[in-house]
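In: Build me a structure from this.
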Amino acid sequence: MAQFPSTDNAKGIWKLRDVFLAKMGSNWPQYGAFTIVQTFTTTTTWICPAGVTEVEYLVVAGGGGGGGGFAGGGGAGGFRTGTGLSVTAGTEYTITVGSGGSAGPSSQSGIAGNNSIFSTITSAGGGGGGGYNNATNPNGGSGGSGGGGATNPAGPGGNGNTPGTIPSQGSNGGAGYSVSPHYNGGGGGGAGSAGSNAGTGGGGNGGNGTASSITGTSITYAGGGGGGSFSQSGPAGTGGTGGGGAGAPNAPTTATAGTTNTGGGGGGGGGSPATYGIGAAGGSGIVILKYVVPSQTVFTFKGTTTWKCPTGITSVDYLVVAGGGGGGSTGGGGAGGFRTGTALLVTAGTEYIVTVGAGGNGTYSARTAGGDSIFSTITSNGGGRGGAAVDTPGIGGSGGSGGGGTYGAGPSAGSAGGAGNTPATSPSQGNNGGTGLTGANYVGGGGGGAGGAGINGSITGNGGVGSQSSITGSAVYYAGGGGGGGNTGSKGIGGLGGGGNGSDTASGSPGTSNTGGGGGGGYASGSANGGNGGSGIVIIKLNQ
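Out: Residues are numbered from 1 along each chain as shown. The predicted model follows:
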């Protein structure tokens, strides 16, 4: 009999009491269940999968920017972690990943980092480092961890753990030092320790961060930025472990920025006689979730993230839909590429970047294709932009599905639609856009859809129909083409699957978010805007 059960092993014979106690302590295997680790490095959404009632979390805010001059280092972003946070299956949670604060210019304080948020957990951005010769505020800023104080006059470090949390989310910044010729900035606070005070020996070191093993590997986050120093005094402060940037020892030497997605504080600026350097920016934050799901779980991704394949999973079913193209004047935007399949091989323990393409811009003179969506080896290409009179000729753009061509005025021929399934995939990811009408109705062609080509302009220029998927358990259409715009009384409707409608009086309608629908074409006034394309989506289903 095993001496101690764990989540991986409970071989042997056990008394019912021992099983009960092990389960109460979360030390018993959950057979047919899989542990998921999902990392978020930008602001997005997370849809809680079926069967999930709680998560383990790490939420790190953006680090503060270092101050300018002989200045304080930026404080680390707040660091909060825990287990057993209640969540509700099917709920769409907004995940906010805080950006790092900007560097302080010469003699100015650094800017505080931005908060990171998941559900009820908010980690506060790190405080900015104080700026040299800033009589109004040489102090380090308060925040998740406090920024270091500056010099001339010497300022104290900012308060960490502001606002207060239990356990503490960070530490105080160190004080600046200002006795000639020792003009040195204090170190920014870190999640694990306070920033060091500056002194005659140079700038204060940034406080060290705190390690987390939520991903399965021990990684340190939220180190404070080092304080800057005067060239005739001593070395600058080092950045704290966990992404803190080093201070600058003089000017024009550049301070080091906090490391991206660690919440590290930026280094404080240094200086030389009559020359004051600038600080460095804080590092952006990060949010990581860990949770257990049953077999056959479906994951829906509406924004870019990182997904770690769990142990025991070797393949997934997938749906990958790209962003729809922006509508033109008058061509409808093409739908994003639509690709779906079963038994795609994946490798346990591998972190896969899931990219969800944005919809294209429908602004008349700045129209764009949709963004690509990617999972593993599967790439669906963004829909082509709709054609507009500003182009000569106004051909629809090529892409996952092609954009519709614009109308032809008077004797001029209407422009062709863009090519779909570009680049080519098998099965095809989309269809061609329709051709614009030659004649008085001025109707653009409909954007191509995943299930059908865009309709050529006539009285209407409808968007091509999308394609249906039941990967979630419900039949849903995606990737409809945008309808063509036209003159009064003549316009196309968007294709089934999120395509935006064309307009005969104003701007085209946008494609529906997270369907990959193309934007509708605008009114045939010569310069009307089309609708923006709808963003894409990625859905995967575990095979086990």
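In: Gly481 versus Gly239, what's the distance?
Out: Going from Gly239 to Gly481 by CB to CB, to the nearest Å gives 51 Å. The C-beta positions use only the backbone N, C-alpha and C, and glycine is treated the same way.
In: neighbour count winner among the two?
Out: Taking other CB atoms under 10 Å, Gly239 and Gly481 do not tie; Gly481 has more neighbours (57 against 39).
In: OK, contacts around that one?
Out: By CB atoms under 8 Å, 6 or more residues apart in numbering, the residues touching Gly481 are 332-335, 383, 401, 404, 431, 433, 446-449, 454, 462-466, 494-495, 499, 517-518.
In: do Thr94 as well
Out: Counting by CB under 8 Å, 6+ apart, Thr94 makes contact with 43, 45, 117.
In: That one in helix, strand or coil?
Out: Per DSSP: H, G, I helix; E, B strand; the rest coil, the secondary structure class of Thr94 is strand.
In: Test of understanding: give the bridge partners of it.
Out: Beta-bridge pairing for Thr94 (DSSP bridges): Thr45.
In: Kindly provide the distance from it to Ser123.
Out: 15 Å.
In: Select from the contacts of Thr94 the one having the most neighbours.
Out: Neighbour max across the contacts of Thr94 (other CB under 10 Å) = Ile117, 20 neighbours.
In: hang on, that one in a strand?
Out: Yes. Counting by three-state DSSP, Ile117 falls inside a strand.
In: Give the closest residue to it in space, chain neighbours not counted.
Out: In this structure, Ile117 finds its nearest non-sequential neighbour in Thr96, 4.1 Å apart by CB to CB, 6 or more residues apart in numbering.
In: Could you report the distance from that neighbour to Asn361?
Out: Remark: distance between Thr96 and Asn361 (CB to CB) = 24 Å.
In: can you check Tyr523 too?
Out: To Asn361, Tyr523 is 18 Å away according to CB to CB.
In: can you check Ser376 too?
Out: In terms of CB to CB, Ser376 sits 28 Å off from Asn361.
In: And the pLDDT at Ser26?
Out: Looking at Ser26, its pLDDT reads 61.
In: typo on my end, it should be Ala2
Out: Predicted confidence (pLDDT) at Ala2: the value is 46.
In: swap in the one 3 residues further on?
Out: Residue-level confidence at Pro5 comes out at 70, pLDDT.
In: Pull the contacting residues for the spatially closest residue to Ala358 that is not a sequence neighbour.
Out: Excluding its sequence neighbours, the residue lying closest to Ala358 (CB to CB, 6+ apart) is Gly371, at 4.4 Å. Gly371 makes contacts with 322-323, 355, 357-360, 382, 536, as judged by CB under 8 Å, 6+ apart.
In: Ile36 too?
Out: Each residue near Ile36 by CB under 8 Å, 6+ apart is listed here: 289-293, 299, 307-308, 310.
In: Give me the buried subset of those.
Out: Buried residues within the contacts of Ile36, counting neighbours by 16 or more other CB atoms under 10 Å: 289-293, 299, 307-308, 310.
In: So which of those belong to strands?
Out: Secondary structure of the buried ones among the contacts of Ile36 is defined by DSSP state E; positions in strands are 289-293, 299, 307-308.
In: Now render those residues as CSV, adding distance to Thr254 and pLDDT.
Out: Shown next, in CSV, are these (distance: CB to CB, whole Å; pLDDT from 0 to 100):
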residue, distance to Thr254, pLDDT
Leu289, 36, 98
Lys290, 37, 97
Tyr291, 41, 97
Val292, 45, 95
Val293, 46, 95
Phe299, 42, 97
Trp307, 36, 96
Lys308, 35, 95
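In: Residues touching stretch 118-125, excluding its own?
Out: Stretch 118-125 has contacts (CB under 8 Å, 6+ apart) with 46, 57, 59-64, 77-80, 82, 85, 87, 93, 95-96, 98, 101, 112-117, 143-144, 162-163, 169-170, 263, 282, 285, 287, 289.
In: My read is that Gly486 contacts Tyr442, right?
Out: Yes. With contact defined as CB atoms under 8 Å, Gly486 counts as touching Tyr442 (5.4 Å).
In: Spell out which residues are contacts of both of those two.
Out: Joint contacts of Gly486 and Tyr442 (CB under 8 Å, 6+ apart) are 330, 407, 524.
In: Please produce TSV containing those residues, extended by neighbour count and distance to Thr505.
Out: TSV is the format used below for the shared contacts of Gly486 and Tyr442 (neighbours: other CB atoms under 10 Å; distance: CB to CB, whole Å):
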residue	neighbour count	distance to Thr505
Thr330	45	12
Tyr407	35	15
Ala524	29	10
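In: what's the burial count for Asn261?
Out: Residues near Asn261, counting by other CB under 10 Å, number 21.
In: Dump the buried ones among the contacts of Ile36 to JSON lines, plus distance to Gly195.
Out: Formatted as JSON lines, the buried ones among the contacts of Ile36 follow (distance: CB to CB, whole Å):
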{"residue": "Leu289", "distance to Gly195": "30"}
{"residue": "Lys290", "distance to Gly195": "30"}
{"residue": "Tyr291", "distance to Gly195": "35"}
{"residue": "Val292", "distance to Gly195": "38"}
{"residue": "Val293", "distance to Gly195": "41"}
{"residue": "Phe299", "distance to Gly195": "40"}
{"residue": "Trp307", "distance to Gly195": "36"}
{"residue": "Lys308", "distance to Gly195": "33"}
{"residue": "Pro310", "distance to Gly195": "39"}
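In: Which one of those is nearest to Gly12?
Out: Nearest to Gly12 out of these is Val292 (CB to CB; 22.6 Å).
In: For the closest one, give me its contacts.
Out: Counting by CB under 8 Å, 6+ apart, the residues that Val292 touches are 30, 33-36, 52.
In: quick one, what contacts Gly113?
Out: 61-65, 74-75, 77, 98-101, 125-126, 143-144, 263, 265, 282, 285.
In: The same query, at a cut-off of 10 Å, please.
Out: Contacts of Gly113 were listed using CB atoms under 10 Å, 6 or more residues apart in numbering, and they are 60-65, 74-78, 98-102, 123-128, 141, 143-145, 147, 258, 263-266, 281-285.
In: Can you classify it by secondary structure?
Out: Secondary structure, three-state DSSP: Gly113 is coil.
In: Now it: phi and psi?
Out: Here is the backbone geometry of Gly113 (degrees, to the nearest 10): phi -70, psi 170.
In: Next one: it relative to Ser513, how far apart?
Out: On the measure of CB to CB, Gly113 and Ser513 end up 29 Å apart.
In: how long is stretch 159-171 end to end?
Out: This stretch, stretch 159-171, spans 7 Å end to end (CA to CA, to the nearest Å).
In: Centre of the chain to it, how far?
Out: Centroid separation between stretch 159-171 and its chain, computed with CA atoms, centre = their mean, to the nearest Å, is 26 Å.
In: before we move on, the earlier item: looks like the residue nearest to Ile117 contacts Val60 (just checking).
Out: No. Assessed by CB atoms under 10 Å, Thr96 is found out of contact with Val60, at 11.7 Å.
In: higher neighbour count, these two?
Out: Taking other CB under 10 Å, Thr96 and Val60 do not tie; Val60 has more neighbours (37 against 20).
In: Apart from its chain neighbours, what residue comes closest to that one?
Out: Leaving aside its chain neighbours, Val60 sits nearest to Gly263 (4.0 Å; criterion: CB to CB, 6+ apart).
In: One more: Ser168?
Out: The shortest distance from Ser168 to any non-neighbouring residue, by CB to CB, 6+ apart, is to Asn161 (4.3 Å).
In: what's the answer for Gly517, then?
Out: Gly498 (2.7 Å).
In: ok so, going back, which among the contacts of Gly113 end up buried?
Out: Neighbour counting by 16+ other CB under 10 Å classes 60-65, 74-78, 98-102, 123-128, 141, 143-145, 147, 258, 263-266, 281-285 among those as buried.
In: what about stretch 200-213, distance to the chain center?
Out: On CA atoms, centre = their mean, the centre of stretch 200-213 falls 28 Å from that of its chain.
In: got the CA coordinates for it in PDB?
Out: Provided in PDB are the C-alpha atoms of stretch 200-213 (Å, rounded to 0.1, in the frame of the first residue of the first chain):
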ATOM      1  CA  THR A 200      26.900  56.700  -0.200                       C
ATOM      2  CA  GLY A 201      27.700  53.500  -2.000                       C
ATOM      3  CA  GLY A 202      25.200  54.000  -4.800                       C
ATOM      4  CA  GLY A 203      21.600  53.400  -5.700                       C
ATOM      5  CA  GLY A 204      19.400  51.000  -3.800                       C
ATOM      6  CA  ASN A 205      18.700  47.500  -5.100                       C
ATOM      7  CA  GLY A 206      15.200  46.500  -6.100                       C
ATOM      8  CA  GLY A 207      13.400  44.200  -3.800                       C
ATOM      9  CA  ASN A 208      13.200  40.500  -4.800                       C
ATOM     10  CA  GLY A 209      10.100  39.000  -6.200                       C
ATOM     11  CA  THR A 210       8.200  35.800  -5.300                       C
ATOM     12  CA  ALA A 211       8.300  32.400  -6.900                       C
ATOM     13  CA  SER A 212       5.300  30.600  -8.200                       C
ATOM     14  CA  SER A 213       5.000  26.900  -9.400                       C
END
